[in-house]
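K.L.:
Model the following, please.
(chains A, B, C and D)
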Number of protein chains: 2
Amino acid sequence: MALGHAIMTALLEDDLSGYELAKDFETSLGFFWQASHQQIYQELRKLSGKHWLSKREVTQRGKPNKIVYGITKAGREALAQWVFSTTRTQTAKDDLLVKLYNLGPGNVAHLAGEITARREEMMQRLYLYEKIRRRHYAAPELLPTRRKGVYLALALGIHQGEQFLAWCDEALDLLSTIESQGL
Amino acid sequence: MALGHAIMTALLEDDLSGYELAKDFETSLGFFWQASHQQIYQELRKLSGKHWLSKREVTQRGKPNKIVYGITKAGREALAQWVFSTTRTQTAKDDLLVKLYNLGPGNVAHLAGEITARREEMMQRLYLYEKIRRRHYAAPELLPTRRKGVYLALALGIHQGEQFLAWCDEALDLLSTIESQGL
DNA sequence: GTTTACTATGCAATATATTGCATATCAATG
DNA sequence: CATTGATATGCAATATATTGCATAGTAAAC
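P.N.:
Next up, the predicted model:
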């Protein structure tokens, strides 16, 4: 039920529509919790069914109307309680690592390519992270409490991203010593 | 369909029963791909239905009989092909980070506790990783090709684990500056 | 003026994962 | 000799996630 709590968390600061939430999940909170729009729309209906969210339709001009959700008092309480619940040990699944277990002369080149692509992606993400950090989290000790938490999540993302880049380099280095075999 | 491929990968070196696979998934490959025994048993039946695995019953004394699975030629081919498939962008979901977005005076102490627990867990895992590295991967350049891939997965685990410890310290440090509020 | 892109929401089917329970043998503990 | 724990496999129900498709209005590009 963590997606629901992630959504409520996103709604703590602003009321948002499903579409806007889906957009948001591609950045910020979505760095740590991805979700597709289908999932979000379903979850929104569930949450408002539980009265943890309120909804209202907003008429728009030049665009289809949207349904904007806001967190209710009951929602805030449920969220606050959830923070104290025991976190199930996280999933941590990555195809790439399973693929690496299958490393062989026939696929070195391909795997090196995948790693290079991931490296690129991570570079771009880090660029984004850094931009956010510089703009909003330059002095973490001075932030209001809640923002300190957000900062820490960001800091983890940055550290792990940098670490990942270093690993990519190590990996590409090692892979380059393997004789590739065409198909 | 990646669980299936993870299972076949595990069966590349040894034939194993569902129970043994489930045990294995708690270590080694399971560091990068967790799965419960229910999932594994179901997947095994699916895979042998596709003739990617063969099965035979092994009579045991002092223990219930077991069904041992081995990868077939067709399975090996499917696995080798899968390595070239496009990896869907990984999931990356962590309750703890969502919780951090909800940081407040009422839950600092709790969150600090969760981070401390995670730190402990990671220390233990790192200890395991390091033991494996020293024993089997001391000289990565000299390993046979496939083992180089396994080494790289391990290396990523180690680097990210160490990075995580450093982050925990940073986080605990920052959290300690926040005034905690009892309930 | 037709195509493409963005906003906005949704259904249905399938795939994947989790939770709880059930069964059965044997060894060791108390 | 009753309980606990390890081995060994499985069903059923629910929860969660993914994939493909459908609709519909407007704006901008060509």
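
K.L.:
Am I right that A:Ala78 is in contact with A:Trp52?
P.N.:
Yes - using Cβ atoms under 8 Å, A:Ala78 makes contact with A:Trp52 at a distance of 5.6 Å. The C-beta positions use only the backbone N, C-alpha and C, and glycine is treated the same way.

K.L.:
overlap in contacts of these two?
P.N.:
Counting by Cβ atoms under 8 Å, 6 or more residues apart in numbering or on different chains, the contacts common to A:Ala78 and A:Trp52 are A:Met8.

K.L.:
When the two are compared, which one has more neighbours?
P.N.:
Neighbour count, other Cβ atoms under 10 Å in any protein chain shown: between A:Ala78 and A:Trp52, A:Trp52 has more, with 23 against 19.

K.L.:
Centroid-nearest residue for chain A?
P.N.:
Residue closest to the average C-alpha location in chain A (Cα atoms, centre = their mean): A:Phe31, at 2.2 Å.

K.L.:
Briefly note if whichever helix in chain A runs longest comes near chain B.
P.N.:
Secondary structure of chain A per DSSP state H: the longest helix is helix A:145-175. Yes - using Cβ under 8 Å from any Cβ of the partner chain, helix A:145-175 reaches chain B at A:145-146, A:148-153, A:155-156, A:159-160, A:163-164, A:166-167, A:170-171, A:174-175.

K.L.:
Just the buried ones from those residues?
P.N.:
A:145-146, A:148-153, A:155-156, A:159-160, A:163-164, A:167, A:171, A:174-175 (16 or more other Cβ atoms under 10 Å in any protein chain shown).

K.L.:
Relative to A:Ile115, how far out is the nearest residue to A:Asn102 once chain neighbours are set aside?
P.N.:
Ranked by Cβ to Cβ, 6 or more residues apart in numbering or on different chains and with sequence neighbours excluded, the top spatial neighbour of A:Asn102 is B:Val83, at 5.2 Å. According to Cβ to Cβ, to the nearest Å, B:Val83 and A:Ile115 sit 13 Å apart.

K.L.:
Please apply the same query to A:Arg135.
P.N.:
30 Å.

K.L.:
Could I get the pLDDT score of A:Ala35?
P.N.:
Looking at A:Ala35, its pLDDT is 90.

K.L.:
That one contacts A:Lys23, correct?
P.N.:
No - taking contacts as Cβ under 8 Å, A:Ala35 lies outside contact range of A:Lys23: 11.5 Å.

K.L.:
out of these two, which sits in the busier spot?
P.N.:
More crowded of A:Ala35 and A:Lys23, by other Cβ under 10 Å: A:Ala35, with 19 against 14.

K.L.:
helix or strand for that one, which one?
P.N.:
Assigned by DSSP states H and E, A:Ala35 falls within no helix or strand.

K.L.:
how far is stretch A:153-165 from where the chain is centred?
P.N.:
Average the C-alpha atoms of stretch A:153-165, do the same for its chain, and the two points are 13 Å apart (Cα atoms, centre = their mean, to the nearest Å).

K.L.:
Just the CA atoms of stretch A:19-28, as CSV, please.
P.N.:
The C-alpha trace of stretch A:19-28 is given here as CSV (Å, rounded to 0.1, in the frame of the first residue of the first chain):
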residue,chain,number,x,y,z
TYR,A,19,-2.2,13.7,-14.7
GLU,A,20,-0.2,16.1,-12.8
LEU,A,21,0.7,13.5,-10.2
ALA,A,22,1.9,11.2,-13.0
LYS,A,23,4.1,14.0,-14.4
ASP,A,24,5.4,14.6,-10.9
PHE,A,25,6.2,11.0,-10.4
GLU,A,26,8.6,11.2,-13.4
THR,A,27,10.6,13.6,-11.4
SER,A,28,11.0,14.3,-7.6
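
K.L.:
mind listing what's buried in stretch A:114-133?
P.N.:
In stretch A:114-133, counting by 16+ other Cβ under 10 Å, buried: A:114-115, A:118-119, A:122, A:125-126, A:129, A:132-133.

K.L.:
Rebuild those as TSV, extending it with secondary structure, distance to A:Lys93 and pLDDT.
P.N.:
Output for the buried residues of stretch A:114-133, formatted as TSV (DSSP: H, G, I helix; E, B strand; the rest coil; distance: Cβ to Cβ, whole Å; pLDDT from 0 to 100):
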residue	secondary structure	distance to A:Lys93	pLDDT
A:Glu114	helix	16	94
A:Ile115	helix	17	95
A:Arg118	helix	15	92
A:Arg119	helix	20	95
A:Met122	helix	17	91
A:Arg125	helix	19	90
A:Leu126	helix	22	93
A:Tyr129	helix	22	92
A:Ile132	helix	26	91
A:Arg133	helix	28	94
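
K.L.:
Please identify which of those residues is nearest to chain B.
P.N.:
Distance ranking of these against chain B, using Cβ to the nearest Cβ, places A:Glu114 first at 6.4 Å.

K.L.:
any idea how far the closest one lies from A:Leu97?
P.N.:
Shown here: A:Glu114 relative to A:Leu97, a distance of 11 Å by Cβ to Cβ.
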